[in-house]
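> need a structure here:
(4 chains, ligands or ions: 2)
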Amino acid sequence: MPFLSAQSPPAMTPQHEWVLDSPVQLRSLRASLHEAITGQPLPAGAELDEIPEKVVLVATELATNALRHGLPPTIVRLGRHDNVFVLDVADHSPDVVPRYADDRPPGAGGLGLHLAKQFALDLGWYIEDDTKHVWAEFPVPS
Amino acid sequence: MPFLSAQSPPAMTPQHEWVLDSPVQLRSLRASLHEAITGQPLPAGAELDEIPEKVVLVATELATNALRHGLPPTIVRLGRHDNVFVLDVADHSPDVVPRYADDRPPGAGGLGLHLAKQFALDLGWYIEDDTKHVWAEFPVPS
Amino acid sequence: MTQPSYQIVREAAVVRLSGDFDINARDEMRAALLEAVRSAPAEVVVDFAGAAFLDSEAMGALIEGLNAGREAGVPLRIVNARGIVHRVLDVSGVLELFNG
Amino acid sequence: MTQPSYQIVREAAVVRLSGDFDINARDEMRAALLEAVRSAPAEVVVDFAGAAFLDSEAMGALIEGLNAGREAGVPLRIVNARGIVHRVLDVSGVLELFNG
Ligand SMILES: Nc1ncnc2c1ncn2[C@@H]1O[C@H](COP(=O)(O)OP(=O)(O)O)[C@@H](O)[C@H]1O
Ligand SMILES: Nc1ncnc2c1ncn2[C@@H]1O[C@H](COP(=O)(O)OP(=O)(O)O)[C@@H](O)[C@H]1O
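Residues are numbered from 1 along each chain as shown, chains lettered A, B, ... in the order given. Ligands and ions are numbered 1, 2, ... in the order given. Below is the predicted model:
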């Protein structure tokens, strides 16, 4: 699966937004994302605890990609649409596209998007003006 | 808590019985107990998986005590009363009683009954003729 | 706790346990731990990854190993204890004796 | 697997990790692993007990450590990976690369 499908954006109203210029901000992004998600009115339960961790991991992967392969600033948005959390990570390099690494030897990178794909319900990207968005969806347990 | 309370036996009809003469039989006791419990018609669920493990641990502790501190044969019985599993371990030394070890230095033993107490819903013992019974109860999750 | 940190312990000894640990295993388990302690490592790592069962008798051997380590100035650490083995070590306070 | 068995590995090196491991930790993490490998131990135990987060970049450093170990004939093992750290290692197949 070399290419992520270029899908239309999931409808959502962003509720939180973070702007990053450097990887050192990833740590506080995680703390703040985790707080934003667990602060939501959600049903209690063990399975639920995994969702914030998955969102935090995928956000780290996509924001790291945006910082490494795109142009700053990197804008991370979190929103919710019905029973789905939508994470959207934007950078300003519309000409370079995210693609699943296929044949890299172990240690040569290329694990990030594969991991994101495994932890998210759905993963895609789209271009809007001069901005590239990579987005991921997660279930809100009901 | 130096003494286990000498309580009257919980009403139960034993459904399984194992006779042990030696600690080498503990391993097959565990396998067979585990099978007896998981073979019961029980509701599925994560919490449930802990019950067989707890029964298996407490059975090992009580049977080891019977083999070490009592006279053979050691008889292990498993029964069910409403929503409770009853484990009964009998030996033939009615004169020596189980008691919680209180002030042994680490490494000098005396952890077994404390552990059994923590893993069982309830723990007690009684004498019947020339036989001492130590029993433990466990919840059957509903 | 979020800032990453690294500690390298050289010349450790690893005791890798597999199987069921009850009274039948007690003497051999003690012997393995004492052998590891006697080799005078910087620390002994007791790896329970393959252990499926642990009772109070086997914990007795573990504590004897710990005591021998204390006398010899060799710390022992427990790793990879899972499921019922982890609960038994935790509930009895033994995990704390080791890794505390 | 129920019959108890014991394996003692002498002169192991333990790399104990704590904190969050992402791209910011990558270089230091690689350096720690390479240092442990270079000390020519019988094996390297990478202990994740204190690690709360691990991403693909940090896994990159782990795999570089593994590759260096393979060249030097030093096996690396991962212990105490839990929660999201365990899932990330498992789902990506890295756990298998190490302990397989
Ligand atoms: N935001 C992005 N902008 C441009 N290219 C990207 C972006 N995200 C991913 N890519 C491309 O997709 C590839 C695979 O990404 P990933 O699986 O995260 O691995 P890695 O970043 O370690 O190379 C990257 O090497 C890069 O070429
Ligand atoms: N079945 C039994 N018959 C006689 N004495 C027992 C029995 N079970 C336990 N005891 C007594 O209770 C004490 C505490 O038991 P336990 O907590 O299992 O520790 P340990 O068996 O390691 O000494 C034992 O030392 C023994 O004196």
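> Which of the helices or strands spans A:His133?
In this assignment (DSSP states H and E), A:His133 forms part of strand A:131-139.
> list the helices and strands that strand packs on?
For strand A:131-139, the elements it packs on are helix A:46-69, strand A:84-91, strand A:122-128, judged by 3 or more C-beta pairs under 8 Å, 6 or more residues apart in numbering or on different chains; DSSP states H and E. Quick note: C-beta positions are derived from backbone N, CA and C, even for glycine.
> is chain B contacted by the longest strand belonging to chain C?
For chain C, the strand reaching the highest residue count under DSSP state E is reported as strand C:5-21. Yes. Shown here: strand C:5-21 in contact with chain B (C-beta under 8 Å from any C-beta of the partner chain) through C:Asp20.
> pLDDT weak spots in the chain?
Chain wasn't specified; assuming chain A. Residue ranges of chain A with pLDDT under 70: A:1-3, A:40-48, A:142.
> wrong one, chain C
Applying pLDDT under 70 to chain C picks out residues C:1.
> Next, count neighbours for the residue lying closest to A:Lys54 once chain neighbours are set aside.
What sits nearest to A:Lys54 in space, not counting adjacent residues and going by C-beta to C-beta, 6 or more residues apart in numbering or on different chains, is A:Phe119, at 4.3 Å. A:Phe119: 23 surrounding residues under other C-beta atoms under 10 Å in any protein chain shown.
> for A:Ala36, same thing?
Using other C-beta under 10 Å, A:Ala36 has 16 neighbouring residues.
> Secondary structure element holding it?
Using DSSP H and E, A:Ala36 maps to helix A:26-38.
> Quick check, the residue in chain A closest to chain C?
A:Arg27 (5.9 Å; C-beta to the nearest C-beta).
> Next up, the contacts around that residue.
Contacts here follow C-beta atoms under 8 Å, 6 or more residues apart in numbering or on different chains; on that basis A:Arg27 touches C:Thr2, D:Asp20, D:Asp22, D:Asn24.
> that's a strand at the first one, yeah?
Looking back up the chat, that one is C:Thr2. No. Assessed with DSSP: H, G, I helix; E, B strand; the rest coil, C:Thr2 is coil; it does not lie in a strand.
> Look up the closest residue to it, ignoring the ones flanking it.
D:Asp20 is the one closest to C:Thr2 (C-beta to C-beta, 6+ apart), at 4.6 Å.
> Including distance to B:Val89 and mean neighbour count, could the helices and strands packed on strand A:131-139 go into a markdown table?
Below are the helices and strands packed on strand A:131-139 laid out as a markdown table (distance: least, C-beta to C-beta, whole Å; neighbours: other C-beta atoms under 10 Å in any protein chain shown):
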| stretch | distance to B:Val89 | mean neighbour count |
| --- | --- | --- |
| helix A:46-69 | 34 | 21 |
| strand A:84-91 | 52 | 23 |
| strand A:122-128 | 55 | 16 |
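> Make a markdown table from these and add distance to A:Asp103 to it.
Converted to a markdown table, the helices and strands packed on strand A:131-139 look like this (distance: least, C-beta to C-beta, whole Å):
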| stretch | distance to A:Asp103 |
| --- | --- |
| helix A:46-69 | 18 |
| strand A:84-91 | 25 |
| strand A:122-128 | 20 |
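> Out of those, which is closest to ligand 2?
Ranking the helices and strands packed on strand A:131-139 by proximity to ligand 2 (C-beta to the nearest ligand atom) places helix A:46-69 first, at 32.9 Å.
> hmm, that closest one touching ligand 1?
Yes. Judged by C-beta under 6 Å from any ligand atom, helix A:46-69 comes into contact with ligand 1 at A:Glu61, A:Asn65, A:Ala66, A:His69.
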